[in-house]
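Asker: this is the structure alone, sequence omitted:
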């Protein structure tokens, strides 16, 4: 009988971005959906600032500038996949 495992990580895309960019430690960041329209992941720091999941990025531009929140595109799936295959397998 096959065995399946489901792994759920907190702030996954934001955590991956910080993994590749250690200089972002303690910096509030959000990761945007394909075409960079909506927030799909928030770092712990961004959550503490009240950034909501799914909010269109144009609605939080002022908050991003006020709090120094950085936004990243989620279009890096191949890079993350290569990293995890290399380090996990």
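Answerer: Yep, it's here. Everything numeric in this text was worked out from a predicted model, so none of it was measured.
Asker: got any ranges where this protein has weak pLDDT?
Answerer: The chain contains residues with pLDDT under 70 at 75-89.
Asker: just give me the residue right at the centre of it.
Answerer: When Cα atoms, centre = their mean is applied to the chain, the residue found nearest the centroid is residue 14 (2.4 Å).
Asker: buried residues in the helix or strand where that one lies?
Answerer: Residue 14 belongs to helix 12-20 when assigned by DSSP states H and E. In terms of neighbour count (16 or more other Cβ atoms under 10 Å), helix 12-20 has its buried residues at 13-14, 16-18. (Each C-beta comes from the backbone N, C-alpha and C, glycine too.)
Asker: including distance to residue 53, could those go into TSV?
Answerer: TSV is the format used below for these (distance: Cβ to Cβ, whole Å):
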residue	distance to residue 53
13	11
14	11
16	16
17	16
18	18
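Asker: and which of these is nearest to residue 26?
Answerer: The nearest member of these to residue 26, counting by Cβ to Cβ, is residue 18 at 9.6 Å.
Asker: before we move on, the earlier item: wait, the residue nearest to the centre of the chain touches residue 27, no?
Answerer: No. Counting by Cβ atoms under 8 Å, residue 14 sits too far from residue 27 to count as a contact (10.3 Å).
Asker: return every residue with contacts to both of those two.
Answerer: By the contact definition Cβ atoms under 8 Å, 6 or more residues apart in numbering, residue 14 and residue 27 are jointly contacted by residue 43.
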